[in-house]
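Asks: My questions concern the predicted model and sequence given below.
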Amino acid sequence: MAQERELTVILDGWSYLECPRWHDGRLWVSDFYTEKVVSTDTEGDVAVVAEVPAQPSGLGFLPDGRALIVSMRDHRLLVRDDSGELAEHADLSGAVTGVLNDMVVDEHGRAYVGNFGFDLMGGEPLRDTTLTRVDPDGTVTTVATDLGFPNGMVILPGGVLVVAETFAGRLTAFDITDDGGLDRRRTWAAFGEPPRTTDVGEAVGQLEVAPDGICADAEGAIWVADALHHRVLRVREGGEVAEEIAAGTGVFACMLGGADGRTLFLCAAPSFPEHERRPVREAQLLAVRVDVPHAGLP
């Protein structure tokens, strides 16, 4: 099942890259511990497009092209205008129990934002958490509960939101209603039984797949970065693994892009704990060619 595909290095020497997005011919990506959002044409041109002192994470784009950027530690969603200036779009402090995480923005400019739910880096026990919707006017609404570390998200054509629950080892789907609510919750793909512990270390040992960042392709499959096993998986609804690409290093997010949508970008680093990543610059953005192009959002 594992495919031999050639990986190339696009960016090198960063701290911990996350949340890659292909937008207007460039790849945007957050670097947690340099507190920068950067973009690249993948041919050598790299630009810092935002500096987020409270740590950037999820990225997305409003219908008018302005970027939304998750500011993790102060629980804010920022908006970047064409001049590069940042302003507060919404404050999620009253709605979340942990630092903010990944995000997907729909065609109407509604942002769906996850949060850790507990202090992962500080060693707190696992605790389920919520998914929050931020409307274009900045209104904040809790739209789902009891999620096991909601992480990467995609919106499939037809209006189905799929969220990776990293510490539950599954992808969970919702129908997006006309008013932006989430309905008809179901398991889209399960990777074994969820861990039966609240201890993070024990849970890591029990997870067959730890789904982190995800993206979708034109056949309705989802590429899943497996945060524990140095690989990405192409998964069909129901859980069939159609392809596995071994990366030889940790992979924490992925995004389809490039001119034809068939370049799979991987955010790679040797590990994920903050105390290991913050002091060094070992993170890379990798790229590999695949067969089926991008679809859906982001």
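Replies: Alright, I've got the coordinates.

Asks: Now the phi/psi pair for the closest residue to Gly250 other than its chain neighbours, please.
Replies: Nearest-residue entry for Gly250: Ala269, 5.3 Å, with adjacent residues in sequence omitted and distances by C-beta to C-beta, 6 or more residues apart in numbering. C-beta here means a position set from N, CA and C on the backbone, and glycine is covered the same way. Per-residue torsions, Ala269: phi -160, psi 160 (degrees, to the nearest 10).

Asks: what's around Ala269, how many residues?
Replies: 21 (other C-beta atoms under 10 Å).

Asks: looking at it, it is touching Phe252, isn't it?
Replies: Yes. The criterion here is C-beta atoms under 8 Å, and Ala269 meets it with Phe252 at 6.7 Å.

Asks: quick one on the thing from earlier: which pLDDT value goes with the residue nearest to Gly250?
Replies: Here, the pLDDT recorded for Ala269 equals 98.

Asks: sorry, back to before: any residues in contact with both of Ala269 and Phe252?
Replies: Tyr16, Leu17 (C-beta atoms under 8 Å, 6 or more residues apart in numbering).

Asks: related to what we said a few turns ago, how about the residue nearest to Gly250, what does it touch?
Replies: Contacts of Ala269 (C-beta under 8 Å, 6+ apart): Tyr16, Leu17, Thr249, Gly250, Phe252, Arg277, Glu282, Ala283, Gln284.

Asks: cutoff 6 Å now
Replies: By C-beta atoms under 6 Å, 6 or more residues apart in numbering, the contact set of Ala269 is Tyr16, Gly250, Ala283.

Asks: all helices for the stretch 1-150 of the chain, in order.
Replies: For the stretch 1-150 of the chain, no helices are identified by DSSP state H, counting those that start in this stretch.

Asks: what about it, any weak spots by pLDDT?
Replies: Where the stretch 1-150 of the chain drops to pLDDT under 70, the residues are 1-3.

Asks: If we use 80, what do you get?
Replies: 1-4, 122-123 (pLDDT under 80).

Asks: now do the stretch 151-298 of the chain
Replies: Those would be none, if you go by pLDDT under 80 across the stretch 151-298 of the chain.

Asks: count of neighbours near Phe61?
Replies: Counted with other C-beta under 10 Å, residues neighbouring Phe61 total 18.

Asks: hang on, His96 packs against Asn115?
Replies: Just to correct that, residue 96 is Val rather than His. Yes. Contact status for Val96 versus Asn115: in contact at 4.1 Å, counting by C-beta atoms under 6 Å.

Asks: looking at the protein, which residue ends up farthest from its center?
Replies: Ser83 (25.7 Å; C-alpha atoms, centre = their mean).

Asks: Quickly note the distance from that residue to Leu100.
Replies: 24 Å (C-beta to C-beta, to the nearest Å).

Asks: Dump the contacts of Ala269 into a markdown table; add neighbour count as well.
Replies: As requested, those are exported to a markdown table (neighbours: other C-beta atoms under 10 Å):
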| residue | neighbour count |
| --- | --- |
| Tyr16 | 26 |
| Gly250 | 23 |
| Ala283 | 26 |
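
Asks: pull the longest helix from this structure.
Replies: Counting residues, the longest helix found in the chain (DSSP state H) is helix 200-206.

Asks: Note down every partner strand of the helix or strand just after that one and its orientation.
Replies: For helix 200-206, the following helix or strand on the C-terminal side (DSSP states H and E) is strand 211-216. Paired neighbours of strand 211-216 in the sheet (DSSP bridges): strand 222-226 (antiparallel).

Asks: Put the alpha carbons of the partner strand into PDB.
Replies: Taking C-alpha atoms only, strand 222-226 is exported to PDB below (Å, rounded to 0.1, in the frame of the first residue of the first chain):
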ATOM      1  CA  ILE A 222      -9.100  12.800   2.000                       C
ATOM      2  CA  TRP A 223      -5.400  13.000   2.500                       C
ATOM      3  CA  VAL A 224      -4.600  12.600   6.200                       C
ATOM      4  CA  ALA A 225      -1.400  13.600   7.900                       C
ATOM      5  CA  ASP A 226      -0.800  10.900  10.600                       C
END
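
Asks: how big is the angle separating the very next helix or strand once past it from strand 222-226?
Replies: Downstream of strand 222-226, the first helix or strand assigned by DSSP H and E is strand 231-235. Interaxial angle, strand 231-235 versus strand 222-226 (axes from the mean of the first three to the mean of the last three C-alpha atoms, to 10 degrees): 150 degrees.

Asks: Begin at 32, not 1, for the rest of this chat.
Replies: With the count now opening at 32, the last piece we talked about shows up as strand 262-266.
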